[in-house]
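1. after the sequence you'll find the predicted model.
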Amino acid sequence: CLATLIIMLVGDTYTLINYVSFINYLCYGVTIIGLIVLRWKKPKIFRPIKVNLLIPITYLAFWAFLLIFSLYSEPIVCGVGLIIILTGVPVFFLGVYWRNKPKCVNRLIESLTCWGQKLCFVVYPQCAGAEEE
C-alpha cells in the first residue's frame, strides 16, 4: 500500500495500471503453474473441479508470450512491478516466517491489523478494546 501511495503521488494513473496489470498476470501464471505442479505431484487429492490439463497448458503458452512481450516492450514498468511485489517479502518475514517474535512486535502487528480492519470495514475487529465493551 505504501508503494502504491508513493507511485500515485509521483506518477500518473496510467503507469500505475501498467504496474498492476503486469503484477496480476504474473500472479495468474504462477497460480496456473501451481495447479499443474499439484496435479503432477499429488494426483490423488480431492478436487471439486477437475479440468483437462490441455487448458492450463494452453493458457500458460499464451501467458508466457504476453509476459515476455511485456518484458521486451516495457522493461522499466515490469521491473517496477517486480519491485512492488518484492516489497511484500519483508512483510512476509516479519509477519509469517518469524515465529518467535517479541511480545512488543506481536502487539504492534495486532494493533496494525485491528486498525486496518476498522479503516477498511473488512471484518469486525477483535482487538483488546472490543472485549472490554
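-> Noted; the coordinates are in hand.
2. flag the shaky bits of this structure, pLDDT-wise.
-> 3-4, 6-8, 10-11, 124-133 (pLDDT under 70).
3. name the single longest helix found in it.
-> Ranked by residue count under DSSP state H, the longest helix found in the chain is helix 13-41.
4. flag every buried residue along that helix.
-> 16, 18-19, 22-23, 26, 29, 32, 35 (16 or more other C-beta atoms under 10 Å). Glycine gets a C-beta too; all of them are placed from N, C-alpha and C.
5. one more: stretch 54-64?
-> 56, 60, 63.
6. repeat that for stretch 84-104.
-> Those would be residue 84, for stretch 84-104 by 16+ other C-beta under 10 Å.
7. ends of that stretch, what's the gap?
-> 28 Å (C-alpha to C-alpha, to the nearest Å).
8. and the longest helix of the chain, what does it pack onto?
-> helix 2-10, helix 54-73, helix 75-86 (3 or more C-beta pairs under 8 Å, 6 or more residues apart in numbering; DSSP states H and E).
9. send me the longest one as PDB with only the CA atoms.
-> In this case it means helix 54-73. This file holds the C-alpha atoms of helix 54-73, laid out as PDB (Å, rounded to 0.1, in the frame of the first residue of the first chain):
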ATOM      1  CA  LEU A  54      -4.600 -29.000 -22.000                       C
ATOM      2  CA  ILE A  55      -6.500 -25.900 -20.900                       C
ATOM      3  CA  PRO A  56      -3.900 -24.700 -18.300                       C
ATOM      4  CA  ILE A  57      -1.000 -25.600 -20.600                       C
ATOM      5  CA  THR A  58      -2.500 -23.600 -23.400                       C
ATOM      6  CA  TYR A  59      -3.100 -20.700 -21.000                       C
ATOM      7  CA  LEU A  60       0.500 -20.900 -19.900                       C
ATOM      8  CA  ALA A  61       1.700 -20.700 -23.500                       C
ATOM      9  CA  PHE A  62      -0.300 -17.500 -24.100                       C
ATOM     10  CA  TRP A  63       0.700 -16.200 -20.700                       C
ATOM     11  CA  ALA A  64       4.400 -16.700 -21.400                       C
ATOM     12  CA  PHE A  65       4.100 -15.000 -24.800                       C
ATOM     13  CA  LEU A  66       2.400 -11.900 -23.200                       C
ATOM     14  CA  LEU A  67       4.800 -11.800 -20.300                       C
ATOM     15  CA  ILE A  68       7.900 -12.000 -22.500                       C
ATOM     16  CA  PHE A  69       6.400  -9.400 -24.800                       C
ATOM     17  CA  SER A  70       5.700  -7.100 -21.900                       C
ATOM     18  CA  LEU A  71       9.200  -7.600 -20.600                       C
ATOM     19  CA  TYR A  72      10.600  -6.800 -24.000                       C
ATOM     20  CA  SER A  73       8.400  -3.800 -24.800                       C
END
